[in-house]
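*Asks:* Using only what follows, build the 3D model:
(chains A and B)
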Amino acid sequence: MMRSLAENPLRDSSRSERGAAPVVMVIFGASGDLTARKLIPALFDLGCERRLPSQFAVVGLSRSPLSHEAFRERLKAGVHSFARHDDAPPQMWENFSKGIFYHSGDLKDPQTYEKLKALLAQVDKERGTAGRRLFYLSTSPNYFPIILEQLSQAGMLEDPETSKVIIEKPFGTDLETAQALNQKVLSVAKERQVYRIDHYLGKETVQNLLVFRFGNAIFEPLWNRNHLSHIQITVSETVGLEGRAGYYEEAGVLKDMVQNHLMQLLCLVCMEPPVAFDAKSVRDEKVKVLKALRLDSGVGGDLSRSVVRGQYASGWAGSLRVPGYREEPDVQVDSSTATYVALKFAVDNWRWKGVPIYLRTGKRLTKRVSEIALQFKDVPQQLFPDEAPSPNVLALRIQPDQGVSLRFEAKRPGPKIQMQPVNMDFRYGSAFGMETPEAYERLLLDCMVGDQTLFTRADEVEEAWRVVAPVLQGWEENRVPLSIYQAGSWGPEESDRLIQQDGFRWRRL
Amino acid sequence: MSAVVPLSDVQTVPVTSIEQQLSHIWSEAGATRAATFNLMIYRPVAPVGGLDEVVGVVTAQNPCRAIVLFPSEEEGLSAQVGAYCPASGGKSASVCCEYITLQVGTNAPLGQLRSLLLSLLIPDLPAVLWWDAPINVEDPLFKGLEDLSERLVFDSAQLKNPSQDLPPLADRIHAGSSRVFSDLNWSRLAPWRELTAQAFDAPTTREALFNLNRIDLQYGKQFENEAWLYLVWLTTRLNWTYKSRDGAESGLLLHFLNGDAQLDVNFQEAQTPEQEPFSAHLISNQFGTTVIRSSDEGHHGCLMIDMDGIGTSQVCQIAPSDEHSLEQLLSHDLYTRKQDHLWEEVVVATAQIYRSLTP
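*Replies:* Residues are numbered from 1 along each chain as shown, chains lettered A, B, ... in the order given. Alright, predicted model coming up:
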């Protein structure tokens, strides 16, 4: 009789409560950076903490011919550079790498998949992986439909219980392509087999948002239009293209950051409490937010009142002089790709009616910061007329200094009433002096144990594309000018005007 | 390198001036004080040369007010006060913690000590007692400190006479104490329990788990308590109930029942001088599964599955050595907020076996 993993009576006792069943992870696009820098180090770290099953293997698949051994050597360097357990004893790597294999082939060729099948059967025998498969699609998105079709043709997606597919971003390039890809995915697999990954959701602080909101009684009563004046979400990067011009010229900031990462943050901030902490309940609530979300361009629908797009010119990154976007290698000299965007959204529901939500994100900005700030309304009556109290702010910092702070007014010591804003600060690093796992560790483990809560569902992806579709269209029709900002600044001046039109200011981060 | 650096010189002060001295330190130092809980530590001997290294590492990772108590030949109570910051951050960038050392003289009235501790515990923060000594539940000092804490961390490996000392503790747990107990010995065992559990994740090996008929368990001399916990964990998880024992040439031959089925356990101390903590050989009708724990460099754990007639597979998993360090174990257990019912079940069952073994 077959029993499920949950029926292992010894599993109840495990400190890592969630045990993954034996499995082979097949990485398509294994010669790419993601495999060496993120996936394998994350798996190695999971292995070091015994969160992987003993019967586990990785098969990398790519076009370049490589031996198993050469592939392992290549990954070893990545583990040394990027794994948290980079100081693990050498036996750890020796043991882990025994389960790594490589297969080269043309992704369009059915023979590649037949040979892959044979290799997987052999791995099953050697590693005891029991026919379970986890296909990780980490190639160029153009190949996603091809790989899915070929896997299906080869009969490798037939059993939803033993085969799963992880799909890396970008999931489509607009609403239509996302819908087409979803149709393709769901024609060969069931939704419960599909894990659309957004690594932002694997970050500890992002998950802490849910605990912060729904594990504490004091914040939720304030979390609505009665108490909040507006919300700011900032994800700023100091880096430029980092050799990804080919991808970025196509994607730009909106597709690279907003449709996925920032939308996910917005959903987690604005969603209603789910009835349970499970995949369906959480994702249902996120979809409701997206359905209620729209650009807030005001009367007349002037897009420039809700959207600012920018592109960096040359400037400074710290003490380093850096080129402008159009001077970067492999970028068109007249490129109109946006590297910065600021947006104003409205959520049409009872909780958020009248609370604007501002998003900004961009490259080559002053600081690398990710933060969600909830600004409270002013006090109803100014009791201290000589003072101008600054509004209370609850800031949820995602990086670099993960934590939560609450700004409020305090009286300065002395004979007069003088107010000064002070911060009540919680820092992850101080309260929990332990290492934070990498986002991919959490997400890969979730996938192995079959938990889809932190992955995006088909309708969620499509709704997110629907929300940004008017922006894409407006840009195509040139209804929003491209503003140039200096590298090392906080973005174009138009961005300040976007928020100042409502009487607010971007937080100085 | 030490995990913490002193923020100020350690001062010997009258017990009535502890808070005053701490206020003085913080007002002078310009560092940020942080505490997420109170940590009371009882040590049978005084720390040598200032702050204990383990306490330094633990508090650097888990900001708290640490109150270290140890017995003294001197009369009454005396105190030393200091503050330390994590060495990695430096004084300005870090949150720093305060340390109070209390020497408890032989004639110090327990009531005075309790009253002092009550005044020193930061209000509204949990109080954890780490009893770093063999437990005797009847010891008035232990009782007094235990009463002040919401969580108790101890190490059953330190029990001098487990067959006598564990049952009263099990009775107290079984009686439904609201206090959370954390046994470092149990936490130390966690990687090996996980390794064992992993061996039976695959459906092919799972069946063997339900058909066990013998376990041969050998333990190193100082690891008997750990071996007991491991054995009783296995048997309770698999619904085996202890029935009886037979004399064996060396060690014990224990019999467990599950319905009509019987499980025999050979439980014996290893004769070799450099024996690993324990090794267990789990034998079923279909095939044998060997779980070996070794304590050599790097704390390697290796698990071998011998499948008669099906083939043999050997899977080694290696536990990082820092996972077994006292600092790591403590850091984990200090945050335990709920009673580990599995451990409770194992301790109670172990106590029952101890009682039946005692003539």
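
*Asks:* C-alpha from now on. contacts and neighbour counts both.
*Replies:* Fine.

*Asks:* which sections of the chain are below the confidence cut-off?
*Replies:* Since no chain was named, I'll use chain A. Scanning chain A for pLDDT under 70 picks out the ranges A:1-6, A:12-19, A:429-435.

*Asks:* hm, I was asking about chain B
*Replies:* Residues of chain B that meet the criterion pLDDT under 70 lie in B:1-2, B:49-51, B:89-94, B:203-204, B:248-249, B:273-276, B:285-323.

*Asks:* so what's the closest residue to residue B:258 other than its chain neighbours up against?
*Replies:* Spatial nearest neighbour of residue B:258, chain neighbours left out: residue B:240 (4.9 Å); criterion: Cα to Cα, 6 or more residues apart in numbering or on different chains. Residues counted as contacts of residue B:240 (Cα atoms under 8 Å, 6 or more residues apart in numbering or on different chains) are B:256-258, B:263.

*Asks:* Ok, residue A:390 next?
*Replies:* A:378, A:408-409, A:421.

*Asks:* how many neighbours does residue B:222 have?
*Replies:* For residue B:222, the neighbour count with other Cα atoms under 10 Å in any protein chain shown is 15.

*Asks:* any idea how far residue B:190 is from the closest residue to it other than its chain neighbours?
*Replies:* Nearest non-adjacent residue to residue B:222, counting by Cα to Cα, 6+ apart: residue B:277, 7.6 Å away. Residue B:277 sits 14 Å away from residue B:190, going by Cα to Cα, to the nearest Å.

*Asks:* Then residue A:317?
*Replies:* Between residue A:317 and residue B:190 the computed distance is 47 Å (Cα to Cα).

*Asks:* again, but for residue A:448
*Replies:* For residue A:448, the distance to residue B:190 equals 21 Å [Cα to Cα].

*Asks:* Compare the two and say which is more crowded by neighbours.
*Replies:* residue A:448 (24 against 19).

*Asks:* I figured that one hits residue A:20, correct?
*Replies:* Yes: in this structure residue A:448 lies within contact range of residue A:20 using Cα atoms under 8 Å: 5.5 Å.

*Asks:* Which of the three states applies to residue A:87?
*Replies:* Counting by DSSP: H, G, I helix; E, B strand; the rest coil, the backbone at residue A:87 sits in coil.

*Asks:* which residue ranges form the strands in the stretch 201-350 of chain B?
*Replies:* Taking DSSP state E, counting those that start in this stretch as the criterion, the stretch 201-350 of chain B carries its strands at B:212-219, B:241-247, B:252-258, B:261-269, B:278-284, B:288-293, B:300-307, B:311-318.

*Asks:* Contacts for the second one next, please.
*Replies:* Put plainly, it is strand B:241-247. Outside strand B:241-247, the residues within contact range by Cα under 8 Å, 6+ apart are B:235, B:252-258, B:353, B:357.

*Asks:* again, only this time at 7 Å
*Replies:* For strand B:241-247, the external contacting residues (Cα atoms under 7 Å, 6 or more residues apart in numbering or on different chains) are B:252-258, B:353.

*Asks:* Residue B:282 contacts residue B:217, doesn't it?
*Replies:* No: proximity of residue B:282 to residue B:217 does not meet the contact threshold set by Cα atoms under 7 Å, at 8.5 Å.

*Asks:* Which one's more surrounded, the two?
*Replies:* More neighbours surround residue B:217 than the other of residue B:282 and residue B:217, with 23 against 20 (other Cα under 10 Å).

*Asks:* what sits against residue 141?
*Replies:* Let's take chain A. Residue A:141 touches residue A:170, counting by Cα under 7 Å, 6+ apart.

*Asks:* wait, chain B
*Replies:* Counting by Cα under 7 Å, 6+ apart, residue B:141 touches residue B:110.

*Asks:* and after the strand or helix carrying it, which helix or strand comes next?
*Replies:* Element membership of residue B:141, judged by DSSP states H and E, is helix B:140-147. Per DSSP H and E, helix B:140-147 leads on to strand B:151-154 as the next helix or strand towards the C-terminus.

*Asks:* Okay, now the sheet partners of that following strand, with direction.
*Replies:* Strands that pair with strand B:151-154, judged by DSSP bridges, come out as strand B:127-131 (parallel), strand B:180-183 (parallel).

*Asks:* JSON lines please, covering the ones you listed and showing distance to residue B:45.
*Replies:* Below are the strands paired with strand B:151-154 laid out as JSON lines (distance: least, Cα to Cα, whole Å):
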{"stretch": "strand B:127-131", "distance to residue B:45": "12"}
{"stretch": "strand B:180-183", "distance to residue B:45": "21"}
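
*Asks:* separation between the residue nearest the centre of chain A and chain B?
*Replies:* With distances taken as Cα atoms, centre = their mean, residue A:200 lies nearest the centre of chain A, 2.4 Å away. Here residue A:200 is placed at a distance of 26 Å from chain B (Cα to the nearest Cα, to the nearest Å).

*Asks:* Does the closest residue to that residue other than its chain neighbours belong to a helix, a strand or coil?
*Replies:* Computed as Cα to Cα, 6+ apart, the closest residue to residue A:200 that is not its neighbour in sequence is residue A:261, at 5.9 Å. At residue A:261 the chain is in helix, as set by three-state DSSP.

*Asks:* How far does the one helix or strand residue A:119 maps to sit from its chain's centre?
*Replies:* Using DSSP H and E, residue A:119 sits in helix A:110-127. Chain-centre distance of helix A:110-127: 32 Å, with Cα atoms, centre = their mean, to the nearest Å.

*Asks:* could you say what helices and strands that helix packs with?
*Replies:* On a contact count with 3 or more Cα pairs under 7 Å, 6 or more residues apart in numbering or on different chains; DSSP states H and E, helix A:110-127 meets helix A:144-153.

*Asks:* same for the helix it packs on, what does it pack against?
*Replies:* For helix A:144-153, the packing partners by 3+ Cα pairs under 7 Å, 6+ apart come out as helix A:110-127, helix A:175-188.

*Asks:* Need those helices in CSV (columns: distance to residue A:471 and mean neighbour count).
*Replies:* Below are the helices and strands packed on helix A:144-153 laid out as CSV (distance: least, Cα to Cα, whole Å; neighbours: other Cα atoms under 10 Å in any protein chain shown):
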stretch, distance to residue A:471, mean neighbour count
helix A:110-127, 40, 17
helix A:175-188, 12, 17
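
*Asks:* May I see these arranged in JSON lines, with distance to residue B:47 as well?
*Replies:* Converted to JSON lines, the helices and strands packed on helix A:144-153 look like this (distance: least, Cα to Cα, whole Å):
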{"stretch": "helix A:110-127", "distance to residue B:47": "50"}
{"stretch": "helix A:175-188", "distance to residue B:47": "64"}
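
*Asks:* Looking at the ones you listed, which is nearest to residue B:129?
*Replies:* Checking the helices and strands packed on helix A:144-153 against residue B:129 by Cα to Cα gives helix A:110-127 as the closest, at 45.2 Å.

*Asks:* Can I get the closest one in CSV, CA atoms only?
*Replies:* Taking C-alpha atoms only, helix A:110-127 is exported to CSV below (Å, rounded to 0.1, in the frame of the first residue of the first chain):
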residue,chain,number,x,y,z
PRO,A,110,11.7,15.9,-29.1
GLN,A,111,14.8,13.7,-28.9
THR,A,112,16.1,15.9,-26.1
TYR,A,113,13.1,15.0,-24.0
GLU,A,114,13.2,11.3,-24.8
LYS,A,115,16.8,11.3,-23.6
LEU,A,116,15.9,13.3,-20.6
LYS,A,117,13.3,10.7,-19.7
ALA,A,118,15.9,8.0,-19.9
LEU,A,119,18.3,10.0,-17.7
LEU,A,120,15.6,10.6,-15.2
ALA,A,121,14.8,6.9,-15.0
GLN,A,122,18.4,6.3,-14.3
VAL,A,123,18.5,9.0,-11.6
ASP,A,124,15.4,7.5,-10.0
LYS,A,125,17.2,4.2,-9.7
GLU,A,126,20.4,5.7,-8.4
ARG,A,127,18.9,8.3,-6.1
